[in-house]
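J.: Here you go, sequence then predicted model.
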Amino acid sequence: MNRPAVTTRTGVRPAGHIVLRPGRSSFLVHRRAALVALLLAVLLLAAVVVYLCVGESFVSPAETVNVLLGRPSPDQFVVGTLRLPRLTVGLLAGAAFGVAGALVQTVARNPLASPDIIGVTHGAGAATVAAMSFGLVTHTVLPYLSIAGGLAAALLVYVFAWRRGMHASRFVLIGIGVSVALGSVTQLLLTKGDFLVAQQAKVWLTGSLNSRGYDEAAPLATVLLVAIPAMLWAARAQRGASLDDDTATALGIRLNRVRLGLTALGVVLASVATGACGPVDFVALLAPQIARRLTRTTQIPLLSSALTGALVVVVADLLARRLFSPVELPVGVLTAVVGAPYLMWLIARKRRRFGGGVS
């Protein structure tokens, strides 16, 4: 016997979904996506425990739990002072990058689109390096300057890419051009600035969690908390944004406004994450695609993207700390080692599919 269809705002409930109705709102939840999110949460919890236990000195899981629960422990300094603040920044930044990448890829309808590819993180980076060059290096100021730089870069891409609508290939190609231009501006600032400041900025530009702590985590956590209602809206708006213009218009969806809102939210999240730990490249590119392939959904799941982004950053930073110990690599080096080949594979795959050229 066939199950009755459930009518939603955008049509009939797809197979494999359940409907949640908190209050007057309703949300479609993909069953497989919910199970994948639960699995990712378990893996992330395991990665967190390993991260806090492993280092120059090993701390037992029992003592780690004691520190987390606020109980007296001889390992309070190692876990609570050295590792936990850095881990907190990595978790928050990874989640922000994951959601930002999912939103930008949804708007562009292209897996090649991500904040670090289309110039957003480069804009945030250029603004931050400029602030360092002019002596504005306080932890409370830099994240907001990063947001301003990321928004400015995204606005520039949006203006040049808009031509009676948003075309995916034009959006990506113009974004790459803006990234190159902003990278040149950043290099100019590095060569003209003070030598010590330039060295500090170069370390920041690689994307590093070294010496990061609660000062960097606080603005990022604030933005993520404030953005929760917007992310709930985005989870619903994604369905409309993925439609073609004619279908969206027929359903009464104001597509341009939806896409602008999704892009703005993604830019803010990517920019504030960049301000906290630098441009950790390819996390925003990798996390949404990994989440989508695991969930097998038509649209990119935001929760799974956030969990995947956090997991990628935590595991990459753990490897960056331990692979060449006592030398610590920036976490951005590890994510680039994985992300760059993946990007080339995506480009080659699209060239084969469309017979040459990136679509």
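T.: Ah, there it is.
J.: How many residues are close by Ala221?
T.: The tally of other residues near Ala221 (other Cβ atoms under 10 Å) stands at 18. (Each C-beta comes from the backbone N, C-alpha and C, glycine too.)
J.: any idea which element it lies in?
T.: In this assignment (DSSP states H and E), Ala221 forms part of helix 214-226.
J.: Show me what the helix or strand that that helix is followed by is packed up against.
T.: Moving toward the C-terminus from helix 214-226, the next helix or strand (DSSP H and E) is helix 228-241. Contacts defined by 3 or more Cβ pairs under 8 Å, 6 or more residues apart in numbering; DSSP states H and E place helix 228-241 against strand 27-30, helix 84-108, helix 255-277, helix 302-322.
J.: and of these, who's closest to Leu69?
T.: helix 84-108 (12.3 Å; Cβ to Cβ).
J.: For the helix or strand following the closest one, what is the distance to the chain centroid?
T.: Using DSSP H and E, the helix or strand that follows helix 84-108 towards the C-terminus is helix 120-133. Offset of helix 120-133 from its chain centre (Cα atoms, centre = their mean, to the nearest Å): 17 Å.
J.: Mind giving me the packing neighbours of helix 120-133?
T.: Here helix 120-133 touches helix 142-161, helix 168-192, helix 195-205, helix 255-277, going by 3+ Cβ pairs under 8 Å, 6+ apart.
J.: what residues does whichever strand or helix holds Arg293 touch?
T.: Per DSSP H and E, Arg293 falls inside helix 283-295. Helix 283-295 has contacts (Cβ atoms under 8 Å, 6 or more residues apart in numbering) with 30, 32-33, 36, 40, 94, 97-98, 100-102, 104-105, 111-112, 114-117, 121, 270, 300-301, 304-309, 312-313, 335, 338-339, 342-343.
J.: Just the buried subset of those, please.
T.: 30, 33, 36, 40, 94, 97-98, 100-102, 104-105, 111-112, 114-117, 121, 270, 300-301, 304-309, 312-313, 335, 339, 343 (16 or more other Cβ atoms under 10 Å).
J.: which residues does the spatially most central residue of the chain contact?
T.: Residue closest to the average C-alpha location in the chain (Cα atoms, centre = their mean): Phe97, at 0.9 Å. Residues near Phe97 by Cβ under 8 Å, 6+ apart: Pro115, Leu269, Ala270, Ala273, Val280, Val283, Ala284, Ala287, Gly309, Val313.
J.: Need the pLDDT of it.
T.: The per-residue pLDDT reported for Phe97 equals 94.
J.: so where's the protein shaky on pLDDT?
T.: Where the chain drops to pLDDT under 70, the residues are 1-30, 136-140, 163-168, 193, 242-252, 347, 349-359.
J.: coming back round to it: so which of the helices and strands packed on helix 120-133 is the most packed in?
T.: The highest mean neighbour count among those, using mean count of other Cβ atoms under 10 Å, belongs to helix 255-277: a mean of 25.
J.: how far off helix 120-133 does that one point, in degrees?
T.: If you take axes from the mean of the first three to the mean of the last three Cα atoms, to 10 degrees, helix 255-277 sits at 40 degrees to helix 120-133.
J.: and helix 255-277, what does it pack onto?
T.: Where contact means 3+ Cβ pairs under 8 Å, 6+ apart, helix 255-277 is packed against helix 84-108, helix 120-133, helix 142-161, helix 214-226, helix 228-241, helix 245-250.
J.: Any chance of these in a markdown table with distance to Phe77 as columns?
T.: Output for these, formatted as a markdown table (distance: least, Cβ to Cβ, whole Å):
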| stretch | distance to Phe77 |
| --- | --- |
| helix 84-108 | 11 |
| helix 120-133 | 30 |
| helix 142-161 | 27 |
| helix 214-226 | 15 |
| helix 228-241 | 33 |
| helix 245-250 | 55 |
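J.: looking at those, which is closest to Gly177?
T.: When the helices and strands packed on helix 255-277 are compared by Cβ to Cβ, helix 142-161 sits nearest Gly177, at 8.3 Å.
J.: And that closest one, how far out from the chain middle?
T.: Counting by Cα atoms, centre = their mean, helix 142-161 is centred 15 Å from the centre of its parent chain.
J.: Stretch 211-227 now?
T.: Using Cα atoms, centre = their mean, the offset of stretch 211-227 from its chain centre is 14 Å.
J.: go on, stretch 197-214?
T.: On Cα atoms, centre = their mean, the centre of stretch 197-214 falls 18 Å from the chain's centre.
J.: Kindly check the end-to-end length of it for me.
T.: 22 Å (Cα to Cα, to the nearest Å).
J.: Need the contact partners of it.
T.: 85-86, 88-90, 93, 125, 128-129, 132-133, 186, 189-191, 193, 276-281, 313, 317, 328, 330-333, 335.
J.: still on that earlier bit, redo the contacts of Phe97 as TSV? Include distance to Lys202.
T.: Converted to TSV, the contacts of Phe97 look like this (distance: Cβ to Cβ, whole Å):
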residue	distance to Lys202
Pro115	21
Leu269	25
Ala270	21
Ala273	19
Val280	15
Val283	20
Ala284	22
Ala287	26
Gly309	24
Val313	20
